[in-house]
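Peer 1: Got a predicted model here, sequence first, then my questions.
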Amino acid sequence: MVTGFQKFSLGLGDLGYSLVVNTFSSYILFFGNTVMGVSGTVMGAVIAVGTVWDAVTDPVMGYISDNTRNRVFGRRHLYALIGMFGMVICNILLWSVPRGSSQAVMAAWFATCIIGMRTFTTMVQTPISALSLDIAGDYNERSSIQIVKSVFMILGILLPTVLMGVFQTDFVRDGVLVDGRFNPDAYLNFGYVTSAMCIVCNMVMFISTFSHVPRLRAMAENDPRGPMNLKATKKIFSNFFGALKDKNFRAITIGYMVAMMAASILVAVGMNVFTFTFRTTKLEMYTLMAGLFVMTIAGQPLWMYISKKYDKKKALLVGMTISFVGCILLLVMFLARDFFIGLLEKNTLNVVFMMPPLMIAGLGTGVLYSLPVALIGDVVILEKVRTGEDKTATYSGFLTFGNKVGQAASSAILGAMLDLIGFQEGATSQTEAVCAGLGWLMCIGVIVAIGCGLLLFSRCKMTRADVQAAMDILEKQENAHIETESAETGVKAAQTEI
């Protein structure tokens, strides 16, 4: 049984993790390219390499976690603790890139810090994602835990979006007052804040869920797999491609990978689009982005309701359809940008007109932060009935692996496209052609990603009835195991008395 506070603390853990990771995801391309002056192609390649590394280590970490038999910390908690401290150290170093250095030095600094941070974030995310599935008692509780976690995860996106503006104070450069979005000190100072919050949130999660360790350790001892070894580790990725033969796993994992590319594109290019294409002020830009993320949170009760009334797939498809509509409206907003810029020049609050498409897109996209993970938990249940093995963290790692591969691809493409459209790194203004290119890049990218994700998710055929039947089988097996152990204990006690 998972208490309300434990659900809350799991959410806090996701908030701490998300504050660091999403500050990085939201600002690193803008920081490296626009603020520090590193080429878009170079920054895109560096981010992509780090993301590929992250993708590869996710299923490996899942396998290691699933096969750990630590007598004190169990399978999950130790890795989360180590990963948390490593993550926050790398986060601070990332924004401390030596200023005035050559592009090669800055690229090497970014690459080292990104790979380090990605390694440690994997040590946090994969075991804790598995832990939230381990402790869930049934079909609906698995969804409710993920909904709570997703709310905090999205808060971890929203807070950097809102609070970064406070840190981005205008500054003087070469005798000219410059917009605070180009102030490198803002990003380092915010890095200190997110790192401190990450430690506090994750320690609450660690302590409150530690009571589950004995029960989960006992469950792990009944797993038929033996201890970790090199030969078994080599099978991780062959198991991944084998798992892709399952149509449900394939639809969820690849659909998630493609659909989440839309979020990567929107976040990575969004700052440039609002800064240069729409020429918004800091307040307007952060208000618009806040509206997007607020709706991702506001929609979570809706996805929970549809999931309970029907099933998770139905909720996922409804959300993706709404997101697709929002993306089409984003394109309309871009095509009508001259109208909005005209309002801006007349000192009219154009946020009122630009907000609805973003809120609709945010409402639909919010479903991606909760239900795909819960659906993977259902796939794990079906797999456990078939093989007897618990692959919770391994399959969670596979899901994250797919997501990170998509992020790597989008980072590399976006970085190259910035150079292709003639984006001037380190500049505080861009040509009209570049501004238009940024808008097309964002709008077409999100429409294609969400549309393809919707088609892929629709191919999942798993139902609530399938999962419930599998859970009934596992419950009978567990009861039989308990009865057998009780009988053996009784025989040993009788023999002792004799």
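Peer 2: On my side now, so go ahead. Keep in mind that what you see is a predicted model, and the values were worked out from it rather than measured.

Peer 1: CA only for contacts and neighbour counts going forward, please
Peer 2: OK.

Peer 1: Could I get the full set of strands for this structure?
Peer 2: 171-173, 176-178 (DSSP state E).

Peer 1: In TSV: those strands, plus distance to Val373.
Peer 2: Shown next, in TSV, are these (distance: least, CA to CA, whole Å):
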stretch	distance to Val373
strand 171-173	43
strand 176-178	43
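
Peer 1: Kindly reformat those strands as JSON lines containing mean neighbour count, distance to Thr387 and mean pLDDT.
Peer 2: Formatted as JSON lines, the strands of the chain follow (neighbours: other CA atoms under 10 Å; distance: least, CA to CA, whole Å; pLDDT from 0 to 100):
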{"stretch": "strand 171-173", "mean neighbour count": "12", "distance to Thr387": "61", "mean pLDDT": "81"}
{"stretch": "strand 176-178", "mean neighbour count": "11", "distance to Thr387": "61", "mean pLDDT": "83"}
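
Peer 1: pLDDT weak spots in the stretch 1-150 of the chain?
Peer 2: Within the stretch 1-150 of the chain, the segments meeting pLDDT under 70 span 137, 139.

Peer 1: what's the neighbour count on Val448?
Peer 2: 16 (other CA atoms under 10 Å).

Peer 1: ignore the last one, Thr68
Peer 2: 17.

Peer 1: measure it to Gly62 for me?
Peer 2: Going from Thr68 to Gly62 by CA to CA, to the nearest Å gives 10 Å.

Peer 1: For stretch 103-118, C-alpha coordinates in PDB please.
Peer 2: Provided in PDB are the C-alpha atoms of stretch 103-118 (Å, rounded to 0.1, in the frame of the first residue of the first chain):
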ATOM      1  CA  GLN A 103      35.000  27.300 -29.200                       C
ATOM      2  CA  ALA A 104      37.000  24.100 -28.900                       C
ATOM      3  CA  VAL A 105      37.500  24.600 -25.200                       C
ATOM      4  CA  MET A 106      33.900  25.500 -24.500                       C
ATOM      5  CA  ALA A 107      32.700  22.600 -26.600                       C
ATOM      6  CA  ALA A 108      34.900  20.200 -24.700                       C
ATOM      7  CA  TRP A 109      33.700  21.700 -21.300                       C
ATOM      8  CA  PHE A 110      30.100  21.300 -22.300                       C
ATOM      9  CA  ALA A 111      30.600  17.700 -23.600                       C
ATOM     10  CA  THR A 112      32.400  16.600 -20.400                       C
ATOM     11  CA  CYS A 113      29.800  18.200 -18.100                       C
ATOM     12  CA  ILE A 114      26.800  17.000 -20.100                       C
ATOM     13  CA  ILE A 115      28.100  13.400 -20.300                       C
ATOM     14  CA  GLY A 116      28.700  13.500 -16.500                       C
ATOM     15  CA  MET A 117      25.300  14.900 -15.700                       C
ATOM     16  CA  ARG A 118      23.600  12.500 -18.000                       C
END
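
Peer 1: For the stretch 51-200 of the chain, just list every one of the helices.
Peer 2: All helices of the stretch 51-200 of the chain, identified by DSSP state H, counting those that start in this stretch, fall at 77-94, 103-134, 139-167, 184-209.

Peer 1: Going along the chain, name the helices of the stretch 251-400 of the chain.
Peer 2: Under DSSP H, counting those that start in this stretch, the stretch 251-400 of the chain gives helices at 282-298, 300-309, 312-335, 337-345, 351-365, 371-387, 392-420.

Peer 1: between these, which gets the lowest average pLDDT?
Peer 2: Averaged per stretch, pLDDT over those is lowest on helix 337-345, reaching a mean of 66.

Peer 1: Report the contact partners of Ile297.
Peer 2: Each residue near Ile297 by CA atoms under 8 Å, 6 or more residues apart in numbering is listed here: 150-151, 154-155, 363, 366.

Peer 1: make it 7 Å
Peer 2: If you count contacts by CA atoms under 7 Å, 6 or more residues apart in numbering, Ile297 has them with 151, 154, 366.

Peer 1: Most neighbours among those residues, which one is it?
Peer 2: Gly366 (28 neighbours).

Peer 1: Once you drop chain neighbours, what's closest to that one?
Peer 2: Spatial nearest neighbour of Gly366, excluding adjacent residues (CA to CA, 6 or more residues apart in numbering): Thr296 at 4.1 Å.

Peer 1: Within its local environment, how many residues does the one you found see?
Peer 2: Counted with other CA under 10 Å, the neighbours of Thr296 add up to 26.

Peer 1: correct me, but it touches Ala361?
Peer 2: No. Using CA atoms under 7 Å as the test, Thr296 is too far from Ala361 to be in contact (8.5 Å).

Peer 1: which neighbours do the two share?
Peer 2: Common neighbours of Thr296 and Ala361 (CA under 7 Å, 6+ apart) do not exist.

Peer 1: now Met123: how far from Gly83?
Peer 2: 5 Å.

Peer 1: between those two, which one's more packed in?
Peer 2: Legend: neighbour count by other CA under 10 Å for Met123 and Gly83, higher for Met123 (27 against 20).

Peer 1: show me the contacts for that one.
Peer 2: Per CA under 7 Å, 6+ apart, neighbours of Met123: 61, 79-80, 83.

Peer 1: Just put those residues in TSV and tack on distance to Ala218.
Peer 2: What follows is the contacts of Met123, written out as TSV (distance: CA to CA, whole Å):
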residue	distance to Ala218
Met61	21
Tyr79	19
Ala80	20
Gly83	24
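
Peer 1: Which one of those is nearest to Arg217?
Peer 2: Closest to Arg217 out of those is Tyr79 (14.9 Å), distances taken as CA to CA.

Peer 1: Let me know whether that closest one touches Thr126 as I believe.
Peer 2: No. The criterion here is CA under 7 Å, and Tyr79 misses it with Thr126 at 9.2 Å.

Peer 1: Of the two, which one has the most company?
Peer 2: Per other CA under 10 Å, whichever of Tyr79 and Thr126 has more neighbours is Thr126, with 30 against 22.

Peer 1: Isn't that one up against Pro59?
Peer 2: No. Using CA under 7 Å, Thr126 is not in contact with Pro59, being 8.2 Å away.

Peer 1: ok, of the contacts of Met123, which one's closest to Thr3?
Peer 2: Nearest member of the contacts of Met123 to Thr3, counting by CA to CA, is Ala80, at 20.5 Å.

Peer 1: residues in contact with that closest one?
Peer 2: 123-124, 127-128.

Peer 1: Val35 and Gly4: what is the separation?
Peer 2: Taken as CA to CA, the span from Val35 to Gly4 is 43 Å.

Peer 1: So if I had to pick from those two, which one is more boxed in?
Peer 2: More crowded of Val35 and Gly4, by other CA under 10 Å: Val35, with 18 against 11.

Peer 1: OK, contacts around that one?
Peer 2: Each residue near Val35 by CA under 7 Å, 6+ apart is listed here: 182, 184, 426.

Peer 1: just to revisit the earlier point, let me have the helices of the stretch 251-400 of the chain in CSV, adding distance to Leu94 as columns.
Peer 2: Shown next, in CSV, are the helices of the stretch 251-400 of the chain (distance: least, CA to CA, whole Å):
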stretch, distance to Leu94
helix 282-298, 23
helix 300-309, 32
helix 312-335, 32
helix 337-345, 35
helix 351-365, 29
helix 371-387, 29
helix 392-420, 17
